[in-house]
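K.L.:
with the sequence up front, the predicted model follows.
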Amino acid sequence: MPGRGTAPRKGEELKQRVVKLAISLDLKAETEVRAARRLWGAKRRIDVLLTHVPTRKVLGIECKYQGTSGSAEEKIPATIKDIEYWPIPGIVVIDGPGFSANMMGFLMATGKAVLYDDLQDWLKLYFVL
């Protein structure tokens, strides 16, 4: 299968890029933070939790990389829905050339997805940096 075995690596790389960016903005970054359970009962872990220490403002981030076209993107609407049940605000950071035009349209329409390339500006606005 095309892309098989690369998505987890690329997803982890995206997560580490988000952490590195956050630290460069003087934000505290934690990974794999436990936050109760998902809609279907599985333990929930938020990929990255950012905190602006002076204001104590927080943001949860799920990192989704799609290197090639495929069914992995079909899981993202459930992630968007799951974020609604987090005890904190959250977004999905997306990266990679494999997202379909339809999925990109859906993600942008939710207001809960940010392209990695736009993340720095988004974080500056969110945390008022």
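P.N.:
It's in.

K.L.:
C-alpha only now, for contacts and for neighbours.
P.N.:
OK.

K.L.:
pretty sure residue 64 is touching residue 11, no?
P.N.:
Yes: taking C-alpha atoms under 8 Å as the definition, residue 64 is a contact partner of residue 11 at 6.0 Å.

K.L.:
more neighbours: which of the two?
P.N.:
Set side by side, residue 64 and residue 11 show unequal neighbour counts under other C-alpha atoms under 10 Å, the larger going to residue 64 at 27 against 21.

K.L.:
so what's that one up against?
P.N.:
11, 14, 76, 92, 93, 94, 95 (C-alpha atoms under 8 Å, 6 or more residues apart in numbering).

K.L.:
residue 96 now?
P.N.:
By C-alpha under 8 Å, 6+ apart, the contact list for residue 96 reads 65, 66, 67, 68.

K.L.:
for the residues you listed, which one is nearest residue 34?
P.N.:
residue 65 (21.1 Å; C-alpha to C-alpha).

K.L.:
please report how far the closest one lies from residue 73.
P.N.:
Remark: distance between residue 65 and residue 73 (C-alpha to C-alpha, to the nearest Å) = 9 Å.

K.L.:
ok, residue 25 next?
P.N.:
When distances are taken as C-alpha to C-alpha, residue 25 and residue 73 turn out to be 29 Å apart.

K.L.:
shaky segments in this structure?
P.N.:
Within the chain, the ranges that satisfy pLDDT under 70 run 1-8, 38-39, 71-72.

K.L.:
spatially, which two of the contacts of residue 96 are the most separated?
P.N.:
Between all members of the contacts of residue 96, the farthest pair (by C-alpha to C-alpha) comes out as 65 and 68, at 9.3 Å.

K.L.:
between the two, tell me which one has more neighbours.
P.N.:
Under the neighbour definition other C-alpha under 10 Å, residue 65 and residue 68 were set side by side, and residue 65 has more, 25 against 18.
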